[in-house]
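K.L.:
pasting the sequence and the predicted coordinates here, then a few questions.
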Amino acid sequence: MIRWIVGGSLVLLVLALPLRPQAQDAGAGSTLYGERCAVCHGGDARGAIGPSLVTLWASGATDERVLRTIRQGVPGSAMPPSKAPDDELRAIVAYLKTLAPPPPAPAVTLVMRDGRRISGTRRGEDAFSIQIEDTQGRMQGFLKDGVQEIVRDAGSAARARDAHPPVTSRDILGGLAESTRWLTFSGDYSGRRHSPLTQISPANVQRLAPQWTFQSGTMTRGRGFEATPLALDGVLYVTGSNNFAWALDARTGRPFWQYRRELPPDLTYGAQAPVNRGFAILGERLFMVTLDAHLLAFDRRTGSIVWDTVLADYKIGYSATMAPLVIATKSGDKVIVGISGGEYPTRGFLDAYNPETGARIWRFYTVPAPGETGSDTWPSSSEVLARGGGGTWMTGSYDPELNLLYWGTGNPNPDYWGHGRLGDNLYTNSLIAIDADTGRLKWHYQFTPHDTHDWDSNHVPVVGDLRIGGAARKVVMVANRNGFFYVLDRTNGQLIYGKPFTDTTWAREIGRDGRPIVLNDGSKGCLPDQWGGTNFNPPSFDPSLQLFLVTARETCATYATQEPKFVAGQSSMGGSVRVDRDRPNYAALRAIDAATGERRWEFRYASPAMSGVLSTASGLVFTGDNEGNFMAFDTRTGRNLWRYQTGNGIWGAAPMTFELDGRQHVIVPAGTTLVAFALPAR
């Protein structure tokens, strides 16, 4: 038996040859497990100090795949190949297999203090709360101070699964109209991340207090939660690093279920960025992408897998990390999914899938094939086009009226070495508008032609309506990694204006042709680093104040280029970046007048932060910094009104908010924790 620390979590390494375990092996394995493993992983192997071991099988992995992963280890991590004796480890694996089937959930009846009786099966419990799945199939959490008696029945509770209505496309279209729900990555299709809730206000936010903290128990080299939880009927659905996922009681943070995907040991980009940014939801299903480039459909009540679809071959460099987007079109419901891996010799795409079957409906490639429109912006080489990059790894937005998806695209490949891909390299570093029924390109706008700084355009595009020059305009707004804030006509892609929202020296204006007028290619001093003037961390837009709120980064870096070798499954960056630590490097929460592009106010941070932003109709802005401060600001003035030290950097993720039991809650992901806040109960 060998125990290793993998990414901060204790993991049991067990080994067996790819043979069917025998009954006698399980008997011997029980003794070995009790002596060597139970203290860390629990007597039932479902986790104590160390993680659960039985989820390897529960997540759908075959015996052979699990054994192969353990035998080979995970290259590039702290989990090397095992050298333990085969016979002992084979016995322990056989015993663990006997524990893999979940025990039957006990039936309970809750006798509430108000006289109600609620029956169901117990899914979780501690000294102060209990989580059940009721007879209508709903997961519900209760604080025990509201429960008079818990009747623990024998057998299992009968369940009428159809009694609770599923999430419909109409529900998703309604966005944040229902105060208890948050059903998409951004809250609604617009990407604004602006809540209509007003209970927490500038007048009372100083009373905001933590309600609970959920510890994921996972670690990913300094990158923890980057997901936005979905909220539905008192349950939070959230994903984490290394394709863990949970359904949590929104009252207490206690899990109803946990999922862990068994990932292959030879991940490529998925090992480099082992993060996930969230679920999508429709009906009784949740949708999540994986580091080995699959799309999964879950039963949201149990966490079991309904179907599993391959997006691309992870072995050549593909991965998937974004939160899918569910949309309803004339031709039916669709799950929209992007792809990661632009640092490898891959070709980006955007896909639509059937939520019932997992069948692909359409695919749009962000790098054209030879002879297609846009291919003349590349060298006339099919090999170059086939590895052109252009990932689509951040969730986009949708205009149901125009039936257009707005999606950002990533860097061309290689990132820094541009000599082998002369030209503008369409449709990389662009905003693309896609017909949601057909997957055809309607228009595009390229922010950074022929990018050589890894300034992806993988941002959340924000849909809004502005009055500019006395005229009402339907717009889509992007604060771009290249340091410019853009406002485009979302019907046709026409540039209305673009202005710097950072102090970048790379360019200070956009020419009449819509291209940035480059002043400094790096030969006249440092440029913003590869993380850019902002990044994938979501912005917010307050439509009543017409303010665009974004975390802006000010950095100083030098780029060194070199011609890479192109090998499938190996990164091909084409250079490196050195940040000048002797120069000021910082970030700021900035409010931009969306109609003019002028800065209205800013609040500076000590280091180049990467936190997302949430605004509310009460006039509050919530965000965080690298130092772990979660903060609230007055939207009009930028005055800091409240702060809380979470103990973890708030990096990449953004807060969300919803109402529960008549109280507004705010959730922030911070490192490997989720923290819930609310005003004190009356």
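P.N.:
Received it, and whenever you're ready, just let me know what you need.

K.L.:
tell me how many other residues surround residue 638.
P.N.:
Residue 638 has 18 neighbours, counted by other Cβ atoms under 10 Å. Just so you know, the C-beta spots here come from the backbone N, C-alpha and C atoms, and that holds for glycine as well.

K.L.:
was I right to think it contacts residue 591?
P.N.:
Yes - using Cβ atoms under 8 Å, residue 638 is in contact with residue 591, at 6.2 Å.

K.L.:
overlap of the contact sets of these two?
P.N.:
Shared contacts of residue 638 and residue 591 (Cβ atoms under 8 Å, 6 or more residues apart in numbering): 600, 601, 602.

K.L.:
export these as a markdown table, with columns for secondary structure.
P.N.:
Below are those laid out as a markdown table (DSSP: H, G, I helix; E, B strand; the rest coil):
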| residue | secondary structure |
| --- | --- |
| 600 | strand |
| 601 | strand |
| 602 | strand |
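
K.L.:
torsion angles phi and psi at the closest residue to residue 332 other than its chain neighbours?
P.N.:
Closest residue to residue 332 apart from its sequence neighbours, by Cβ to Cβ, 6 or more residues apart in numbering: residue 354 at 7.5 Å. Main-chain dihedrals, residue 354, degrees, to the nearest 10: phi -80, psi 120.

K.L.:
list the contacts for residue 354?
P.N.:
Residues near residue 354 by Cβ under 8 Å, 6+ apart: 332, 333, 334, 335, 360, 361.

K.L.:
apply 10 Å and report the result again.
P.N.:
307, 309, 332, 333, 334, 335, 360, 361 (Cβ atoms under 10 Å, 6 or more residues apart in numbering).

K.L.:
likewise residue 537?
P.N.:
Counted by Cβ under 10 Å, 6+ apart, residue 537 has contacts 226, 394, 459-460, 531, 550-551, 553, 609-613, 623-624, 650-654.

K.L.:
ok, the residue lying closest to it once chain neighbours are set aside - contacts?
P.N.:
With sequence-adjacent residues excluded and distances taken as Cβ to Cβ, 6+ apart, residue 537 is closest to residue 612, at 4.3 Å. Counting by Cβ under 10 Å, 6+ apart, residue 612 touches 186, 193, 226, 228, 460, 535-540, 549-551, 622-624, 650-656, 668-669.

K.L.:
same deal with residue 507?
P.N.:
Contacts for residue 507 (Cβ under 10 Å, 6+ apart) come out as 448, 482-484, 498, 500, 515-521.

K.L.:
mind doing that once more with 8 Å?
P.N.:
482, 483, 484, 500, 516, 517, 518, 519, 520.

K.L.:
got phi/psi on the last one?
P.N.:
Pointing back at residue 520 there. phi -140, psi 110.

K.L.:
residues near it, how many?
P.N.:
14.

K.L.:
residue 398 and residue 538, how far apart?
P.N.:
Residue 398 sits 15 Å away from residue 538, going by Cβ to Cβ, to the nearest Å.

K.L.:
ugh, wrong one, I meant residue 427
P.N.:
Residue 427 is 22 Å from residue 538, by Cβ to Cβ.

K.L.:
right, I'll call it a day here.
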